[in-house]
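J.: Sequence first, predicted model second:
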There are 2 protein chains.
Amino acid sequence: MPRREVATVGEVTPTPTIKTVAEAAGVSPASVSRALNGNPTIAPEIVERVMRAADAVGYRPNGIARSLRTRTTKVIALLIPDIGNPFFTAVARGVTDAAEAEGYTVLLCNTDEDPEKERRHLAVAEQARVAGVVLSPQGRDTDISRLRQSRIPVVVIDRPLREKTDAIVVPSFVGARDATRHLIEQGWSRPACITGPASADTARARLRGYRAAIREHDGMPEIVAHADFRQDGAMLAARELLARADPPDAFFVANAPMALGTLAALAERGLRVGSDVGFVSFDDAPWAPYMTPPISVVAQPAHPLGERSARLLLESLRAPVERRPRRITLSPTLIVRAISHRPRRG
Amino acid sequence: MPRREVATVGEVTPTPTIKTVAEAAGVSPASVSRALNGNPTIAPEIVERVMRAADAVGYRPNGIARSLRTRTTKVIALLIPDIGNPFFTAVARGVTDAAEAEGYTVLLCNTDEDPEKERRHLAVAEQARVAGVVLSPQGRDTDISRLRQSRIPVVVIDRPLREKTDAIVVPSFVGARDATRHLIEQGWSRPACITGPASADTARARLRGYRAAIREHDGMPEIVAHADFRQDGAMLAARELLARADPPDAFFVANAPMALGTLAALAERGLRVGSDVGFVSFDDAPWAPYMTPPISVVAQPAHPLGERSARLLLESLRAPVERRPRRITLSPTLIVRAISHRPRRG
DNA sequence: TTGTACGCGTTATCAG
DNA sequence: CTGATAACGCGTACAA
């Protein structure tokens, strides 16, 4: 039985390649490649013919093959603890915006403050030969030597690495100290600090900032709880603090999800924020201004941070030689809203 | 001048390939490949030697080359309107969780309800030869025929497509109707609806649900505004509604960012939610329970939706033949919190 | 200006 | 069980 000449129903049509187009246009694959890539050394008439043919056969360039050949990728990896944290959501949005503006796409990886997950994601990024990595590292000693070896540029954000790298950071210490000072100025006498896991640099820095402010006042107690940077963990921590013999009368909370958890614990006890207790948190979540009363925060420029980190990364891609690491510092802003003011009482 | 035999400082070390490992281990590239991929038809002793050599030379498999050869990728694309919308943040988290559990990574794309951006992202996904796409389409007529041609499976979420595809949806109509009914039951007599752009299916469905509830009551006016599913747009819309001669006395808002915008507009006017006006919104944002008073919402199971969509996608990857499209429906839940209750007055 | 031929790093096939 | 060898689809020196 002779081979059928026509495609049978259900038979797979091979996806068109540059070769398919070449045949359809009656030119060589090389010319197709040139036409498609806007190579100047090619007759406009051929370009036209190739375009038409490509369209006709429904050709799509194979990015994989191109990447293999050119040894480049239009992908950058973004490693953050948790996309659910509004700070990192905004960062991610900034990164994708800047990346897309340059024709790159973003591989999203949640590390969950887990060194093992982080390691795995870094390995994946390396094997995928991503053009670069924007990394919010789990700790100061995250190992990025493999990336270096593979000459994949890295921009570290939010938390610095012990190693010297491109980095964009927001000084947490200052923000935390100012926030705590603000609480004290408002008349609260027992501010507590709910911070993140000690492994996280930002958690430690925010704690140090809190401590610095407390120590400016003789006899003022340090009331500290470490949670996991997440809502539920902070709720438990806040509960525990509130159950103590002499509970805090104000809270400085180290990020937005934990702020919600703390607010939940306060609500359980029937404590009204702003009148019964003072409150400031890190990160200006979208909802912060709309709480009643609006809550005061230390705002980080999250979206710009994401944008700039992506741009810095793409710059370093274009850099012909190894530059020395750039460290950029963006400032946090204390935004005072109604909540942290202590009402005068009789 | 003879070629230097040793590497000069600053000279680039070529990244080790399977061939490098082969030489170091004294075997053929084929054996290295077999050893690395756990191919059973290879002597354990060779495996050992290869592993050692790979480690010694610092070998990392080149995913690009592998993908070219195997014609597969461990990447899925996620196209959503906006990662900043907490609903999609949760979806994204669900998708990444499920994907990573199977060794896949996620390409994140924001479409911003923009058909052109969506088209571009779909093209990128196709060229990247992603294993599959999870898509929250901009409209009912988003063209995914190219994906089909390339045999890239698609799971549509949140909003159905006119075309028959795998889909996971949450019936917006029912949720919206129930929410509006609830407002009316609570005694509000002029509930307004602030919904999204008419291009979005969910926006229209939520509006229809609102209308259905309103029409159950003779003489009750339909008060409708279309915004852009974003905070600022909703604020403007709400302002406009409130400035009317006979303003609404309650709001059904079609998503979480717009809920914040609406709350802002209410705050401007000094209107207290829960006592002066009624309020229900779509999507149970993390902050919803912690507003004072806590606001009622129509909750969508966002994280599970993301998880299941990714799993459905990966299943269809494994399916040997074309299955007929599966349509999964997850139910929304009206969560009644303090805010929507109308206080009795004198 | 165009075409031919090679190689990017893998894996799969096919002999041995 | 192992090793040559041929693709995968593309870009680009090199030759014509």
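T.: Cool, got the structure.
J.: A:Arg52 in helix, strand or coil?
T.: Counting by DSSP: H, G, I helix; E, B strand; the rest coil, the backbone at A:Arg52 sits in helix.
J.: ok, the nearest residue to it once chain neighbours are set aside to chain B distance?
T.: The shortest distance from A:Arg52 to any non-neighbouring residue, by CB to CB, 6 or more residues apart in numbering or on different chains, is to A:Ala25 (7.4 Å). No exception for glycine: its C-beta is placed from N, CA and C like everyone else's. Per CB to the nearest CB, to the nearest Å, A:Ala25 is found 20 Å from chain B.
J.: List phi and psi for the closest residue to A:Val75 other than its chain neighbours.
T.: Nearest non-adjacent residue to A:Val75, counting by CB to CB, 6+ apart: A:Val130, 4.9 Å away. For A:Val130, the backbone dihedrals (degrees, to the nearest 10) come out as phi -60, psi 150.
J.: residues in contact with A:Val130?
T.: A:73, A:75-77, A:107, A:152 (CB atoms under 8 Å, 6 or more residues apart in numbering or on different chains).
J.: now these as TSV including secondary structure, neighbour count and distance to DNA strand D?
T.: Converted to TSV, these look like this (DSSP: H, G, I helix; E, B strand; the rest coil; neighbours: other CB atoms under 10 Å in any protein chain shown; distance: CB to the nearest atom of the strand, whole Å):
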residue	secondary structure	neighbour count	distance to DNA strand D
A:Thr73	coil	24	13
A:Val75	strand	23	16
A:Ile76	strand	28	20
A:Ala77	strand	26	23
A:Leu107	strand	21	21
A:Ile152	coil	23	20
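J.: wait, which of those residues is closest to B:Pro293?
T.: When the contacts of A:Val130 are ranked by distance to B:Pro293 (CB to CB), A:Leu107 comes first, at 41.0 Å.
J.: what about stretch A:50-69 and DNA strand D, touching?
T.: Yes - contact of stretch A:50-69 with DNA strand D (CB under 7 Å from any atom of the strand) involves A:59, A:61-62, A:65-66, A:68-69.
J.: coming back round to it: for the contacts of A:Val130, which one is nearest A:Gly84?
T.: Nearest to A:Gly84 among the contacts of A:Val130, with distances taken as CB to CB, is A:Leu107, at 17.6 Å.
J.: So the closest one sits against B:Thr73, correct?
T.: No - using CB atoms under 8 Å, A:Leu107 is not in contact with B:Thr73; the gap is 11.6 Å.
J.: which residues touch A:Arg67?
T.: Small correction: residue A:67 is Ser, not Arg. Counting by CB under 8 Å, 6+ apart, A:Ser67 makes contact with A:73, A:129, B:64.
J.: repeat that for 6 Å
T.: A:73, B:64 (CB atoms under 6 Å, 6 or more residues apart in numbering or on different chains).
J.: quick check: mean pLDDT across the helix or strand hosting it?
T.: If you go by DSSP states H and E, A:Ser67 is part of helix A:63-70. Averaging pLDDT along helix A:63-70 gives 98.
J.: How far off centre is that helix?
T.: Centre-to-centre, helix A:63-70 and its host chain are 28 Å apart (CA atoms, centre = their mean, to the nearest Å).
J.: Next one, pLDDT for the residue of the stretch 151-300 of chain A found nearest DNA strand C please.
T.: DNA strand C sits closest to A:Arg151 of the stretch 151-300 of chain A, with a gap of 11.9 Å, by CB to the nearest atom of the strand. A:Arg151 carries a pLDDT value of 93.
J.: Backbone torsions only: list them for it.
T.: Per-residue torsions, A:Arg151: phi 60, psi 40 (degrees, to the nearest 10).
J.: That one and B:Ala54: what is the separation?
T.: Separation of A:Arg151 from B:Ala54 (CB to CB, to the nearest Å): 19 Å.
J.: What are the boundaries of the helices in the stretch 51-200 of chain A?
T.: Under the criterion DSSP state H, counting those that start in this stretch, helices of the stretch 51-200 of chain A are mapped to A:63-70, A:86-101, A:115-127, A:145-149, A:172-185.
J.: mean pLDDT lowest for which of those helices?
T.: Looking at the helices of the stretch 51-200 of chain A, the bottom one is helix A:145-149 with a mean of 94.
J.: Briefly note if that one comes near DNA strand C.
T.: No - applying CB under 7 Å from any atom of the strand, one finds helix A:145-149 out of contact with DNA strand C, separated by at least 13.5 Å.
J.: Now do the residue of the stretch 151-300 of chain A found nearest chain B: how many residues are near it, please.
T.: Per CB to the nearest CB, A:Trp287 is where the stretch 151-300 of chain A lies closest to chain B, at 3.8 Å. A:Trp287 is flanked by 25 other residues according to other CB atoms under 10 Å in any protein chain shown.
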